[in-house]
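Undergrad: using only what follows, build the 3D model:
(one chain, ligands or ions: 1)
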Amino acid sequence: MKTLKNINIDNKRVIIRCDFNVPIKEGKIIDDTRIQRALPTINYCLDHNCKVILLSHLGRVKEEKDLEKNNLEPVAKRLSKLLKKDILFSEKTRGKELEAVCESLQSKDILLIQNTRYEDLDGKKESGNDQELAKYWASLGDVFINDAFGTIHRAHASNVGIANYLDSACGFLVEKELNALSILDNPPHPFIVILGGAKVSDKIGVIKNLVTKADKIIIGGAMAFTFLKAEGKNIGKSLLDEESIDFCKEILKTYKDKIILPIDFAVTNEYTNDEEYREKDIDSISDNEMGLDIGTKTLALFKENLTGASLVIWNGPLGVYEFDKYKKNTDNLLKYLVENDIKTILGGGDIVAAATNAKLSEKVYHASTGGGATLEYLEGKTLPGLEAIR
Ligand code: AMP
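TA: Residues are numbered from 1 along each chain as shown. Presented below is the predicted three-dimensional model:
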């Protein structure tokens, strides 16, 4: 894979596709982690005297009223604060004014162009990878760097189309993600997968791809209930993904020895953080109860199965981690992995959020930043953003 360090960018106009899809409320950025993650690549380009042009999407733009709330200007302001330098901002995604600004850029200038998805209002030009648009954006620069790992699984004009027209490479964030995740192509053993979260149907591709590579798959979260139901257990009112029962039966039949399921749960009668919970073995859950976290015995069982692991990949929390009462065992298992120095990759999304809340995301081997992108990597799919650079 061509990376930033093996492409000549000195003094050039470099277009960097970033992932600035940050949460914004009433014009204020609530969490700027994604902007911070783009800084190493931007700084490297500044050090090489580049004229930097930044592209990013923000939210979804389907109709006129989506424009204002998805205006990228607050990102320009935050970036300016973080880099301690002025950032130029173009209100428009194309046109004479934008072209003139690009022409007049001096080395070490930075221009952020308006949300690429503003182009979706006119026939989904960005999301549909319109080649005329891709070619136009490419005409504004000399070199293209894709550093938006979060959208690497999408084929859009600003990340895939544009790479058809310029010498291209991936940025440091994408490189870091790939270096960490590529260990899965040839994992050291014992290799253990932990899966949690809500629905089996969202993870069918991941299970199919990893079940053959892994020595064990530990299943928690609401997902476990669909597997337990497939085994004929009474799961009460716990979350069930009815349409995936047959898939679970098939997996359990073929890979019985690899699948580790919970044996007890923290149960309650309502989906709330307010009621007291009790711990119950799987065989004694009654019809009006639901499991919202794994229980103490299951935690011990999971730890036992993880002892001596050479590599662990974990996607999805083991319980309703958004509720204080039910995040406990996700946190406990994370702590166990960290304390025992077990090489662990957190596979994006909710498990990274849970680890960040528990102040553990910095302590694991790698916490992947992509939600859908990481999941597709785990499914073994090819990623269009990378293919375009290749
Ligand atoms: P996912 O996006 O598939 O990783 O799912 C994450 C979601 O699964 C979180 O919002 C959790 O609250 C939810 N979840 C995990 N365990 C349970 C459970 N036992 N019952 C209901 N929801 C759960």
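Undergrad: go through stretch 65-82 and flag the buried ones.
TA: Using 16 or more other C-beta atoms under 10 Å as the burial criterion, the residues of stretch 65-82 that qualify are 66, 70-72, 74-76, 78-80. Placement of C-beta: from N, CA and C, glycine included.
Undergrad: got it, and stretch 172-189?
TA: 172-178, 181, 183-184, 187.
Undergrad: and what of stretch 299-308?
TA: 299, 301-302, 305-306.
Undergrad: report the longest helix in this structure, please.
TA: helix 33-47 (DSSP state H).
Undergrad: CA atoms only for that helix, dumped as CSV, please.
TA: Extracted in CSV, the C-alpha atoms of helix 33-47 (Å, rounded to 0.1, in the frame of the first residue of the first chain):
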residue,chain,number,x,y,z
THR,A,33,-11.4,13.3,18.5
ARG,A,34,-11.7,12.7,14.7
ILE,A,35,-10.2,16.1,14.0
GLN,A,36,-7.3,15.4,16.3
ARG,A,37,-6.6,12.1,14.6
ALA,A,38,-6.2,13.9,11.3
LEU,A,39,-3.4,16.2,12.7
PRO,A,40,-0.3,14.0,12.1
THR,A,41,-1.0,13.8,8.4
ILE,A,42,-1.8,17.5,8.1
ASN,A,43,1.3,18.4,10.1
TYR,A,44,3.5,16.2,8.0
CYS,A,45,2.2,18.0,4.8
LEU,A,46,2.9,21.3,6.4
ASP,A,47,6.4,20.3,7.3
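Undergrad: what's in contact with that helix?
TA: 4, 9, 14, 16, 18-22, 29, 52, 54, 75, 78-79, 82-83, 108, 110, 145, 147, 150, 171-173, 369 (C-beta atoms under 8 Å, 6 or more residues apart in numbering).
Undergrad: pull out the buried members of those residues.
TA: Counted by 16+ other C-beta under 10 Å, these give 4, 9, 14, 16, 18-22, 29, 52, 54, 75, 78-79, 110, 145, 147, 150, 171-173, 369 as buried.
Undergrad: name the next helix or strand downstream of the helix or strand that contains V174, please.
TA: Using DSSP states H and E, V174 falls within helix 172-181. Proceeding N to C from helix 172-181, the next assigned helix or strand is strand 191-195, under DSSP H and E.
Undergrad: next one: that following strand to chain centre, how far?
TA: Its chain's average C-alpha position is 17 Å from that of strand 191-195, according to C-alpha atoms, centre = their mean, to the nearest Å.
Undergrad: that strand: partners in the sheet, and parallel or antiparallel?
TA: If you go by DSSP bridges, strand 191-195 pairs up with strand 216-219 (parallel), strand 311-315 (parallel).
Undergrad: for those strands, which one sits closest to the ligand?
TA: strand 311-315 (6.6 Å; C-beta to the nearest ligand atom).
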